[in-house]
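Visitor: The following comprises the amino acid sequence and a computationally predicted model.
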Amino acid sequence: MNWILQALNGISMGSLLFLLASGFTLTFGLARFINLAHGAFYLLGGYIGLSTLRATGNFWLALLAGGVSIVVVSYFCERHLFRRTRDNHLAQVLLTIGIVYVIADIALLVWGGNPLRIPPPAFARGPIDLPWGIVYPRYRFFLIVFGAIVAAVLWVIYTKTQLGAIVRAGVDDREMVDALGINVHRLFGLVFGLAAFLAGVSGVAGGAFLTLYPGAEWDVLVLALVVVIIGGLGSLGGAIVGSLIVGLIDAYGRWLFPEFSYFMVFGPMVILLLFRPTGLFGRET
Amino acid sequence: MGVAAKVGIGCAGVLALVLPQFLNTFWISLLIQILVFGLLALSADLLIGHTGLFPLGHAALLAVAAYTTAILEVRHAIPTLLAAPAGVAVAVFFSLIFGVAVRTSGVYFILVTLAFGHIVWGVLLRWSSFTGGDNGVGNVPAPTFGPISFPTLSSYYYLALAVVVVCTAAYRVLVRSPFGLTLRGIRESESRMRALGYNVVAHKYAAFVVSGLFAGIAGVLYIYWNRFVSPATTTLVISAEATLMAIIGGTGTIFGPFIGSAIILVIRNYVSGFLVQWMTVMGLVFIATVLWAPDGLLGLARRYRARRARDATSPDMASLPKR
């Protein structure tokens, strides 16, 4: 029965990772920007959501506040800092690490160093009884459904709408899209905004079961990075498959080999890189 | 090398030898720290400045060397003469494994090395029966070679200085050799070097392993300075700082990484003394470097000199818009 329990753990973790990794991978695919502050956005969104929840008592409002506030932060960063790095990846990495320092320090000052848990909404509180005598937290199911809905919506936009077609074209050949008269900068702004919104929302959603603490920004970021490395940078499908793989490996690894759970996540990544350096669905960049 | 540079290096050498006589332990400790992390930044710079790869996991190589030496010294009472080389050897062994990262390039290399660094951090933290978990390994004895021991901070300073000078000299020979030239060729144009018949992947792999060797030596110097190592030494933050040190000082140079190390560590140690928000200051240093000094301070100086020379020789050029 533990196998099923761990599968549920893995899928719900994967669901959270997808919220983070999808934004990261699309930002990279389109704008060629490596945003290591994505984890800090997650943490800050979670903290702001927590404060909103304490003030209003409404979980949905907290989700929204977490997302929207991060959009504002990200807009400022994109407008004044990110653009100046052009396509220099090392500059992007160091710049965004600097932003992580600043955000983490402010968060420590405002919310303190103790782990904080966001109370789940009333409808997702408590356990749920499954067949075979499994008792499972209701909130984790909510997270799986939430992640699946976001994935489905993103997938439909990405593959079925004109906007999605433009984004896919931009991932393939940015200069060509620009030459065809589409405002690439507005498109970048849109994708950065979407990624930031998802990061902030995932901070609130994740804060309810992973808790929020100083250092969480790197923990979630590194898992999201493994997702995009396995799935392939710039691929939405890769983010979906990758987050499920990483979530499941992480859950089984923690259960079977608690001391080496990190190896369990990174081992397959290394083996994959040996044979397919661009990940499952990635292309040469 | 110009006369001014030679005089500068001479002065720095004399200062490095004499200065500790007049400093208290806080500053001597800081000087050792600058040497250790300068060597780590130098090792990272073999990849950044010469090969064109950007590693973000070098703190892990430093940490495995430090842990190995510490565990051998503390738990098995192995003498320094064996424990120190063993630490370096383990770092080289890890870089032989992590070296597979050179199969990737660009962003993937950054992310893969970051992930490697995080694996090491995670294992050091979780495998507490062997690594001591969050408590790390402490009470490392002073380095002792038979009858000769280095118990005080200032005596250890001279030992560390000697090791770093020897390593830096070896590094200088290496980057000026045909091997170093090949690495810079790869940085400039990988496809051209491949067309010329060079085995590009093998050269990158060798550069990674040599870089790991220097990082391992830095790790052994670290453990005998700090006498304690914990997973905090392995974090991404330390790896990123090593990269930033190399960039602030100026990549592809010999002294740049040490200058960068001095700047970063002085800011961190000095500012954290009176400002709780020193992390913010460090973050702003990262951001400012990327925005205003992407070629580092030596790069800034070089640009300034080039501009002055140009203004002196052809006055009409000075009126042209500058980059």
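Guide: The structure has been received and is ready for your questions.

Visitor: what does the stretch 101-250 of chain A put close to chain B?
Guide: A:101-102, A:104-106, A:108-109, A:218, A:222, A:225-226, A:228-229, A:233 (Cβ under 8 Å from any Cβ of the partner chain). (Each C-beta comes from the backbone N, C-alpha and C, glycine too.)

Visitor: Including pLDDT, could these go into CSV?
Guide: Below are those laid out as CSV (pLDDT from 0 to 100):
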residue, pLDDT
A:101, 91
A:102, 93
A:104, 92
A:105, 91
A:106, 92
A:108, 91
A:109, 91
A:218, 86
A:222, 85
A:225, 86
A:226, 87
A:228, 87
A:229, 85
A:233, 80
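
Visitor: among the residues you listed, which two are most distant?
Guide: A:109 and A:233 (33.8 Å; Cβ to Cβ).

Visitor: Those two: which is more packed in?
Guide: residue A:233 (28 against 13; other Cβ atoms under 10 Å in any protein chain shown).

Visitor: what residues are up against the more buried one?
Guide: For residue A:233, the contacting residues are A:25, A:28-29, A:278-279, A:282, A:285, B:107-108, by Cβ atoms under 8 Å, 6 or more residues apart in numbering or on different chains.

Visitor: got a list of what residue 264 touches?
Guide: All of this is about chain A. A:249-250, A:252-253, A:256-257 are the contacts of residue A:264 under Cβ under 8 Å, 6+ apart.

Visitor: that's the other chain; I wanted chain B
Guide: So residue B:264 contacts B:37, B:241, B:244-245, B:248, B:282, B:285 (Cβ under 8 Å, 6+ apart).

Visitor: could you pull out the helices for chain A?
Guide: Counting by DSSP state H, residue ranges of the helices within chain A are A:2-31, A:38-56, A:59-80, A:89-111, A:138-160, A:162-172, A:174-179, A:184-207, A:216-231, A:236-256, A:261-275.

Visitor: pLDDT of the helix or strand where residue B:304 lies, averaged?
Guide: Residue B:304 belongs to helix B:296-313 when assigned by DSSP states H and E. For helix B:296-313, mean pLDDT rounds to 75.

Visitor: Name the residues that touch that helix?
Guide: B:247-251, B:253, B:255-256, B:259-260, B:263, B:289, B:293, B:295, B:317-318, B:322.

Visitor: Show me what counts as buried in that helix.
Guide: Under the neighbour-count criterion of 16 or more other Cβ atoms under 10 Å in any protein chain shown, helix B:296-313 has B:296-299 buried.

Visitor: quick one: which of these is nearest to chain A?
Guide: Nearest to chain A out of those is residue B:296 (Cβ to the nearest Cβ; 11.7 Å).

Visitor: How about that closest one, nearest residue that isn't a chain neighbour?
Guide: The shortest distance from residue B:296 to any non-neighbouring residue, by Cβ to Cβ, 6 or more residues apart in numbering or on different chains, is to residue B:250 (3.6 Å).

Visitor: quick check: mean pLDDT across the helix or strand where residue B:216 lies?
Guide: Using DSSP H and E, residue B:216 maps to helix B:200-226. The pLDDT scores in helix B:200-226 average 95.

Visitor: any idea which helix or strand comes after that helix?
Guide: helix B:236-249.

Visitor: Show me where chain B has its strands.
Guide: B:144-145, B:148-149 (DSSP state E).

Visitor: nearest to residue A:182, of these?
Guide: Short answer: strand B:144-145, nearest of the strands of chain B by Cβ to Cβ, at 68.6 Å.

Visitor: list the helices and strands the closest one packs on?
Guide: helix B:80-98 (3 or more Cβ pairs under 8 Å, 6 or more residues apart in numbering or on different chains; DSSP states H and E).

Visitor: what comes into contact with the helix it packs on?
Guide: Contacts for helix B:80-98 (Cβ under 8 Å, 6+ apart): B:57, B:60-62, B:64-69, B:72-73, B:78, B:113, B:116, B:120, B:143-146, B:208-209, B:211-213, B:215-217, B:219-220, B:223-224.

Visitor: try 7 Å
Guide: Where contact means Cβ atoms under 7 Å, 6 or more residues apart in numbering or on different chains, the residues beyond helix B:80-98 that reach it are B:57, B:61, B:64-66, B:68-69, B:72-73, B:116, B:143-145, B:208-209, B:211-213, B:215-217, B:219-220.

Visitor: buried sites along stretch A:109-119?
Guide: Buried-residue list, stretch A:109-119, by 16+ other Cβ under 10 Å: A:111, A:118.

Visitor: which residues touch residue B:235?
Guide: With Cβ under 7 Å, 6+ apart, residue B:235 has these contacts: B:59, B:121.

Visitor: rewinding a little: Throw the contacts of residue A:264 into CSV and include pLDDT and neighbour count, thanks.
Guide: Converted to CSV, these look like this (pLDDT from 0 to 100; neighbours: other Cβ atoms under 10 Å in any protein chain shown):
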residue, pLDDT, neighbour count
A:249, 89, 22
A:250, 87, 22
A:252, 87, 18
A:253, 85, 20
A:256, 84, 12
A:257, 81, 13
